[in-house]
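A.B. asks: what shape does this take:
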Amino acid sequence: MAAAAAGCGGGGGYCELRDVRVELDLSKVVGGGDGGEGFAVCFWLYLSSSARPSSVILHQMEGGGGGRVPFLALGEGSKLVLFPLLGFHREAPTPGCSYPWTGITNLAEVNECPLDNWFHVGCEVTEHIMRLHIDGNLVAEAHLCLLYNKPGNQNDLKQINLLGSEDKLEGYVYNMELSSMLGTIQQQYAENPPFKLSIDYSCCDGIEEGDDGIWNIVGGKASCRRNFILEVVLVDAFGEAVKDREIAASLVYADNGALVEKSRDDSEPPLLISCDGLEYPAVSRPLPIIRGRALFKLKISQLSSKCDNKLFRIYFSTLDMKRYPFLEAYSKPIRCISRNRTNRQLGSVKRIGSSLVDEIQSTNNIEGVGHNGKSNGRLQTHDPSSVVCFHPSKFSKIEGDVHKVASENKQARKMMLDKGVQDVMGSDSTASDFDSMDAGSSWSGSDGDEVESFSDAEIFRYCLDSTYERLKFLRSAAPSVNEDDLVKLANQVSLYSGCAHHRNQILMSKQLLQEGADTWNLISKNNEHALWSSAVNEIKAKFMDIVHPSNRGLSEQDFEVLRGIAGCGDDIGRDEFDKLWSWLYPVAAALSKDKINKLWDCTTHRWIEGLITLEEAENALRSSRELVKRQGTFVLRFPTTRSWPHPDAGSLVVTYVGSDNSIHHKLLSLDVSDARSGNLEDLLLKEPELSQLSRVDRLPTSMQS
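C.D. replies: Residues are numbered from 1 along each chain as shown. Modelled structure (predicted):
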């Protein structure tokens, strides 16, 4: 039996549903007599969210013309419905049949058809049987009667065309294939899946969302606008990362999708992207997809108030590919605003006595804090715009109502730190009232009887600001202040924010930055970039030094995850290393704790998988593409989207199969005081939602290092 020809808008790639045309020569299908002869048509299908029950996806029509009848449609509850073949089966629908197609023989999928997502459809047709496959699985089968039973009537069989819907149904087809080989649908499903672009909203930063769901982002002129971070994901239908693609970002109007143009009086493009500390027009700097992800650091220079108060969106699209909705992604509506403040006079310095410092030290374990960092003439950050140079001789005379200090050098240092922190935290003339700081309050580098503290404004600002702004603040402040000041800041932030985990991130900042700088110097040898292959050994050695004592290091698979977090290729730069280090150091610090260290070190029955992505964890909990393993099966991992100084950095997440037979993710607190060292069940069962977890099933062998 020869196979008939299939058409899909000019090839086997992506095409719109209305362009689908498949020609079937039924005279070449009959002949076996046992139901074994037939054909299979399979394809990937993407239906928009506007699809409604009664929508016909594929019509069938005789080759010589005539009325159209449904072949594949959406029925009640958005379930997929397959109809017998026209001119071939006695049960085939007749022209004029209409929704809900009652009394007409059909095959119906038992589950709701997914919208705005790819799924695979396979249809097998023989003389007496039709089968419907979804995502490679047989979901429905019907026994039918051949219209012409006598062999002499075989020539009466006509050509049938399958045509895409001409209705308003928005849909797309990928890789449509017509085959005379039955039983190949599972194989065709597993090969060459389509792509989908989306935004990972769990990785957003620097964004305030209002009660109306609209994002408020500070933009405008250079001295005011702030970075915000969006991460886009390009994966195939199986959740596997797509390679060798680039993603571009642009600013569009939320109401019509039109590109926001640069106004005549603006010298800057409306959307900027930050790369290696420099700003570029976003449309001119597409980012490569690395391990299925691209991290965008963006700024908006165009204000909504200058555009008739219209809302914006960030539009992401793939390069070198035709525009399709599944290869595009839009952010939530954005209102770009500018914040103003009035300058405030210097106030008096707040101090705490040495007795209170002693009390703080006695009640808090200063873990993660290294030796005092001293400033040698500048506040150092990795953003060139954040470097603040100073000359102590210029501050030999300071006027104002401040307390006397022990020396002019101390006063000079205090004033320098005031300026540095205000610069880092956004003290420009367009910042908001709560963004401004009490400039008379600063940090102390002295070791005298009194220790200067952070002002309340600075502490509240840290509590309210984004992770990115906290990172810039700590990078500038932590190396230049002593441990007592960090303890004070950590305790106050923990108190005011109601989150004790902020404290850990602040306390580890000095040592994190120092060891990160030392490691980078070993890797780079004072160069701007280094080979990834040469960086691996130094990173591995430093990790083992922090986690000590441990016999388990980082595997080749672990380094692939780290490479994805850094976003680097064959070489690595300082900014990329800092991203890697900000994630890895809190993880290593957590693994150095006794009750976690023993679990990490156990490799005979591995308790903590550790460095795996969310997608890898979910795939490990599936027996197939759709079916999950038994309830209570779980995997322990560190979330790859949480980096210092995020309060969840270094925390463990349990990914598990719940009682509803779906996969859940639960953040575990590592501060359970009575969890016995080495006893994972005690740690898990402290979480009410996880009280029914059973013994863990191990990952497949392919996931093991």
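
A.B. asks: residues in contact with the host helix or strand of Ser274: which ones?
C.D. replies: Assigning secondary structure by DSSP states H and E places Ser274 in strand 271-275. Identification of contacts with strand 271-275 by Cβ atoms under 8 Å, 6 or more residues apart in numbering yields 227, 249-251, 260, 279-283, 285, 287, 296-302, 314. Every C-beta, even on glycine, is put in place using the N, C-alpha and C of the backbone.

A.B. asks: got a ChimeraX select line for the buried ones in the residues you listed?
C.D. replies: A single ChimeraX command selects the buried members of those (16 or more other Cβ atoms under 10 Å):
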select :227,249,250,251,260,279,282,285,287,296,297,298,299,300,301,302,314
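
A.B. asks: and the contacts of strand 271-275, which of them are in strands?
C.D. replies: 249-251, 279-281, 287, 296-300, 314 (DSSP state E).

A.B. asks: quick one, what contacts Met296?
C.D. replies: No, residue 296 isn't Met; it's Phe. Ile229, Leu230, Glu231, Val232, Ala249, Ile273, Ala282, Leu287, Ile314, Phe316.

A.B. asks: nearest residue to the fifth one other than its sequence neighbours?
C.D. replies: With Cβ to Cβ, 6 or more residues apart in numbering as the criterion, Ala249 has its nearest non-adjacent residue at 4.6 Å, and that residue is Ala282.

A.B. asks: low pLDDT regions in the stretch 151-300 of the chain?
C.D. replies: Across the stretch 151-300 of the chain, the ranges flagged by pLDDT under 70 are 151-157, 264-266.

A.B. asks: so where's this structure shaky on pLDDT?
C.D. replies: Counting by pLDDT under 70, the chain has low-confidence residues at 1-12, 27-36, 149-157, 264-266, 340-453, 604-605, 623-627, 669-705.

A.B. asks: go ahead and flag the most central residue of it.
C.D. replies: Asp200 (3.5 Å; Cα atoms, centre = their mean).

A.B. asks: ok so, going back, can you pull the buried residues of the strand holding Ser274?
C.D. replies: Judged by neighbour count (16+ other Cβ under 10 Å), strand 271-275 contains these buried residues: Leu271, Leu272, Ile273, Ser274.

A.B. asks: pull up the gap between the second one and Ala249, please.
C.D. replies: Remark: distance between Leu272 and Ala249 (Cβ to Cβ, to the nearest Å) = 10 Å.

A.B. asks: next: Gly103.
C.D. replies: For Gly103, the distance to Ala249 - Cβ to Cβ - is 53 Å.

A.B. asks: quick one: Trp583 and Trp644 touch, right?
C.D. replies: Yes. Counting by Cβ atoms under 8 Å, Trp644 is a contact partner of Trp583 at 7.3 Å.

A.B. asks: settle it for me: which of those two has more neighbours?
C.D. replies: More crowded of Trp583 and Trp644, by other Cβ atoms under 10 Å: Trp644, with 28 against 25.

A.B. asks: what residues are up against that one?
C.D. replies: Leu471, Gln505, Met508, Ser509, Leu512, Ser582, Trp583, Tyr585, Pro586, Gly650.

A.B. asks: next: Gly553.
C.D. replies: Contacts of Gly553 by Cβ under 8 Å, 6+ apart are Lys540, Phe543, Met544.

A.B. asks: recalculate using a threshold of 10 Å.
C.D. replies: Lys540, Ala541, Phe543, Met544, Val547, Ser705 (Cβ atoms under 10 Å, 6 or more residues apart in numbering).

A.B. asks: what's the local residue count around the first one?
C.D. replies: Residue neighbour count, defined by other Cβ under 10 Å, stands at 15 for Lys540.

A.B. asks: after the helix or strand where it lies, which helix or strand is next?
C.D. replies: Secondary structure from DSSP H and E places Lys540 in helix 532-547. Next helix or strand after helix 532-547 toward the C-terminus (DSSP H and E): helix 556-566.

A.B. asks: in that next one, what counts as buried?
C.D. replies: Gln557, Asp558, Phe559, Val561, Leu562, Arg563, Gly564, Ile565, Ala566.

A.B. asks: elements contacting that helix?
C.D. replies: Counting contacts by 3 or more Cβ pairs under 10 Å, 6 or more residues apart in numbering; DSSP states H and E, helix 556-566 is packed against strand 293-300, helix 532-547, strand 571-573, helix 574-591, strand 608-610.
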